[in-house]
Structures are given as C-alpha cells and as structure tokens.
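Colleague: Predicted model and sequence below, questions to follow.
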Amino acid sequence: MNDIHRKIGLSLGADICWPACYEHIMRRLDLKIPTPDGTVRFDVERVSIEPFDLKQPVKYDVVVDRLTHWYHTSREWIKKGVVMNDLYVFNNPWSVQANEKHTSYAAMMALGMPIPETWMVPPKGYAPNPDLKPTLSRYAKLFDLGKIGRELGYPLFVKPYDGGGWRAVTKCDDEQGLKRAYEDSDTMVMHLQAGVNGFDRFVRCIGFGPQTHTVLYDPAAPLHDRYTREKNFISQADEEHLRKITLTINAFFGWDFNSCESLRRDGVWYPIDFANPCPDSQVTSLHYHFPWMVKSYIRWSTFVAGTKKKMRKNLDWEPFYAIAALDLPFEEKLDRYAKIADERFETARFEEWCARHLGHLDEVAWEFFATNECRDAIRQKVAALFPAHEVEQFTELFYNRVQHWRGDHVPAGR
Ligand SMILES: Nc1ncnc2c1ncn2[C@@H]1O[C@H](COP(=O)(O)OP(=O)(O)O)[C@@H](O)[C@H]1O
Ligand SMILES: [Mg+2]
C-alpha cells in the first residue's frame, strides 16, 4: 500500500518546550493510519521564515501557528495559504487579527452571556495627526469619567480594549484611582469594566478543538503557581457549563485553541477574558497541566491532518444569532450554541478517530514525560526565562510537577 504523507507545520516563535515534546512523542507514536487510499503518515516540520511568491504552493496540510498575533510575514503567508492553497491553520488568522477582546465581549453579550457591564472611553492622549484637531473639536464630547465610574461601581477594572498578558490592567477602588488610571493610559483605548467582586472561583478553561480542560486559577500567585493543581474545585455541572461557554466562543470566532477566564459569584459564572487565541503553552506556566496541552496539540493536529478536515474560511455567525433571538432561558440557548460548536469541531468524529488511531497515545506520552528528553526540553525553556542560578531548581520543580501529573494519570493496565 502507498504511504500518504500529511505534513504538519509548526509556526513558532519563542516556544521551546511544547514543540520539542510534541516532536518526540510524534516520533514515538509512529502513526500509520490505514485508509482505503493508502497508509497515512505524518511529517512534522518547523516552518521557516523567508520570502515567498504568492503563487507558490504550500506543502503543509495543517499549520499550528503561534506567530500570527505579532509576526506579520508569517500571518500573511498563512492567509495566502488558506485562500489559495486550502491550508488548515490554528487559528483563523483574520479572526485573530480583527476580533480583539472588545468584539469578544460585545458578541458574547449578544449571545446572552453575563459579561460584566463594560464601557469604552476615547483615549486620553493621541499620536500627532493632521486630522486630529478638526475631528476632536467638531465631534468629541466632553465626558464625565467619574459618572461612568459611579454607574459601574467600585472596585472596577480599567484595561485596554485589545488587552492580553495583564498589560495595563488596573483595579480602581475609587474615583481618584480611576482618574489616575485614565491619565496613565495615554494613547491606549480603554475599557472600564465592573468588577466581579467577591467571586469564589476563578477558572481558566483551555479549549483545543473539541477538547477542554479547566484549571483553578490564582491570579495573586507568582507566575509559575497561577495554574493551581487543585482538583474537584467545581461540580460536574459547572465543568460542563464552562466547557459549553468555551466551545461556543471558540467555534464562533474560529479559534481552534484559546482560553477562557471566568469568575463565579453567587453561583453565576461571569466570563471576563476570553480573547486569548494561541494560549500560553509553556511548561513554566502550565507545569502539571503541560502534558494535557501537548497531548491536545497532538490529537487535534493529527485529526485535522489525518482526516483532511476543511478549514471554515468564513465564520458564519448567523446560526448563533438565530438561537440568541429565541425566547429561551440562557442555559437552553447555550446547549444549542454548544451543539453548533460540536458540529463545527466534529466532536463525535474526533472522539471516534482518537479511540481508533490514538489508543497508544496515553501510554506513549506517559512514558515520554519521564525521559531525559522531556527533562531537557523543560530545562531549555527554564534556561531561556530564569537567571542562571535558578535554572537547576526550577527545572526540578517543573519536572517534578510533570511527574505529579504522571502519578495521577497512570495508563490502564500499568
Ligand atoms: N471584571 C473583572 N472582575 C474581577 N477581576 C477582573 C476583572 N477584569 C479583570 N480582572 C482581573 O485582572 C486580570 C487581568 O484582566 P484580563 O481581562 O484577564 O486581562 P488580560 O487580557 O491582560 O489577561 C484578571 O486575570 C483578573 O484577575
Ligand atoms: Mg486574562
């Protein structure tokens, strides 16, 4: 039988640990998927950055992209690959480019999610522009920042409309604090958002295709302890609710991988930050959860490449709005949104495919995460981030947390 080679391209930047583990595990898995046309094999390659002719072919079936949000040559190569060469890419690059946090809030409010009350205000400062004076003098209305603050109540949050990575986020306890944060925001366009104060759970739900994983998050902890190792911190029903929220957001925006932050107060989950396409995948932040992430990369990329899943070139929002318009309680609407997500991510087919072709992944990954190759991948990432005298100590810490995960996930029959 013929071998059919499916090519998976990794479009990487500062990533070190997850691609190394991904490549090692893919080699160990040595996938050979029987199909009527031949045996499907997978070639994994790192995508290089170089000039390209718009008409040149793209050799990849799937590109896992970690650069779109800031490295524009790769983003434009990917966009050409989708529109000209039938490439499937995680994530939809147009959607990453256009749908910032602001749009994600507005769209999910429209679908009925309890997003905290949010205002946008014109910026305090401007870059020089010849049209600035005529525009502002004619149309900019003086406004009372304090009044918006009183309407939202304190504490509230001031944050960039297109934020990420906690850049310029300020918690304001009173009007004085709000005015100071606004002064400091200078040319950034900011949101003022009502605080979900007194929440009892802060959960991050990572979505990867139809796969989801919830983590209890501690925003006050140092970076390497924010993803906690708590278990059973929410009920099965809450877990299911957050899964549906995350899959709805990701299907709506065409994001194959993304993470959604939600806060629970008085039993209600308030999503507060869910425009994080291309979420943190580093062992130095994920530690215990890192193996889940690497395995999710493998499952979704091999499924998409192996089945030649078609990329949705358009987002097609209408079916979501049609549900939003129905006279139904939110939970019932959410069920229906999640059904669209399951169709778009082909959840049932994915699960069947994994059961049939990736049955040995658990075992292979479990073994791999105890090897020197794994330890070395962790060390390289640590060495890139930590001062020299801490490299040993933090390599041990992250490696030990991965071993903790292994202890909790011993494959059946071991
Ligand atoms: N509405 C809110 N209520 C309570 N805490 C918030 C709210 N908005 C932001 N925060 C806090 O500020 C942090 C950063 O805000 P977030 O919107 O997540 O920005 P970023 O996109 O930079 O991560 C959150 O992780 C949370 O701790
Ligand atoms: Mg956040």
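Modeller: That came through, no problem. Numbers count the residues shown, from 1 in each chain. Ligands and ions are numbered 1, 2, ... in the order given.

Colleague: residue in the stretch 1-150 of the chain nearest to ligand 1?
Modeller: Pro116 (4.5 Å; C-beta to the nearest ligand atom). C-beta coordinates here come from the backbone N, C-alpha and C atoms, glycine included.

Colleague: Pretty sure that residue sits against Trp269.
Modeller: No. Assessed by C-beta atoms under 8 Å, Pro116 is found out of contact with Trp269, at 11.6 Å.

Colleague: what separates the residue of the stretch 1-150 of the chain closest to ligand 1 from Ala377, distance-wise?
Modeller: 39 Å (C-beta to C-beta, to the nearest Å).

Colleague: The stretch 251-400 of the chain against ligand 1: which residues are in contact?
Modeller: Within reach of ligand 1 by C-beta under 6 Å from any ligand atom, the stretch 251-400 of the chain has these residues: 261, 263, 272-273.

Colleague: swap that for the stretch 51-200 of the chain, sorry
Modeller: Going by C-beta under 6 Å from any ligand atom, the residues of the stretch 51-200 of the chain near ligand 1 are 116, 157, 159, 163-167, 169, 193, 195-196.

Colleague: so Asp53 sits in a helix?
Modeller: No. Assigned with DSSP: H, G, I helix; E, B strand; the rest coil, Asp53 falls outside any helix and is coil.

Colleague: What segments of the stretch 301-414 of the chain are helices?
Modeller: 318-324, 330-345, 347-357, 361-368, 372-385, 391-408 (DSSP state H, counting those that start in this stretch).

Colleague: Can you list the neighbours in contact with the longest one?
Modeller: With contacts defined as C-beta atoms under 8 Å, 6 or more residues apart in numbering, helix 391-408 is touched by 224, 229, 283-284, 287-292, 366, 369-370, 374-375, 378-379, 382-383, 386.

Colleague: Derive a ChimeraX selection command for the buried subset of the residues you listed.
Modeller: Restricted to buried positions by 16 or more other C-beta atoms under 10 Å, the ChimeraX selection for these reads:
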select :224,283,284,287,288,289,290,291,292,366,369,374,375,378,379,382,383,386
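
Colleague: Which parts of the stretch 1-150 of the chain are helices?
Modeller: Along the stretch 1-150 of the chain, counting by DSSP H, counting those that start in this stretch, helices occupy 17-29, 72-85, 93-98, 101-110, 132-139, 145-152.

Colleague: Pipe those into a markdown table and attach mean neighbour count and mean pLDDT per row.
Modeller: Below are those laid out as a markdown table (neighbours: other C-beta atoms under 10 Å; pLDDT from 0 to 100):
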| stretch | mean neighbour count | mean pLDDT |
| --- | --- | --- |
| helix 17-29 | 20 | 98 |
| helix 72-85 | 17 | 96 |
| helix 93-98 | 18 | 96 |
| helix 101-110 | 18 | 98 |
| helix 132-139 | 10 | 96 |
| helix 145-152 | 15 | 98 |
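
Colleague: quick one on the thing from earlier: let me see the contact set for the nearest residue to the residue of the stretch 1-150 of the chain closest to ligand 1 once chain neighbours are set aside.
Modeller: Leaving aside its sequence neighbours, Pro116 sits nearest to Ala194 (C-beta to C-beta, 6 or more residues apart in numbering; 4.4 Å). Neighbour list for Ala194: 116-118, 152-153, 156-157 [criterion: C-beta under 8 Å, 6+ apart].

Colleague: So for Ala194, what's the pLDDT?
Modeller: On pLDDT, Ala194 comes in at 98.

Colleague: Starting from His24, give me the distance back to it.
Modeller: 46 Å.

Colleague: Identify the residues contacting stretch 94-102?
Modeller: By C-beta under 8 Å, 6+ apart, stretch 94-102 touches 68-69, 75, 79, 107, 120, 160-164, 191, 253-255, 273, 275, 277-278, 315.

Colleague: I meant stretch 321-339, not that one.
Modeller: Residues outside stretch 321-339 that contact it (C-beta under 8 Å, 6+ apart) are 110-113, 241, 243-245, 247-248, 251-252, 320, 340.

Colleague: Straight-line length of that stretch, end to end?
Modeller: When the termini of stretch 321-339 are compared using C-alpha to C-alpha, to the nearest Å, they are 14 Å apart.

Colleague: Doesn't Arg264 lie inside a helix?
Modeller: No. Counting by three-state DSSP, Arg264 is not part of a helix but strand.

Colleague: So what sits opposite it in the bridge?
Modeller: Taking DSSP bridges as the rule, Arg264 bridges to Arg201, Trp269.

Colleague: do you know how far it is from ligand 1?
Modeller: Distance, Arg264 to ligand 1, by C-beta to the nearest ligand atom, to the nearest Å: 11 Å.

Colleague: Leu178 belongs to a strand, doesn't it?
Modeller: No. Leu178 sits outside any strand when classified using three-state DSSP, being helix.

Colleague: Let me see the contact set for it.
Modeller: Contacts for Leu178 were tallied using C-beta under 8 Å, 6+ apart; they are 145-146, 149, 154, 156, 158, 172, 192.
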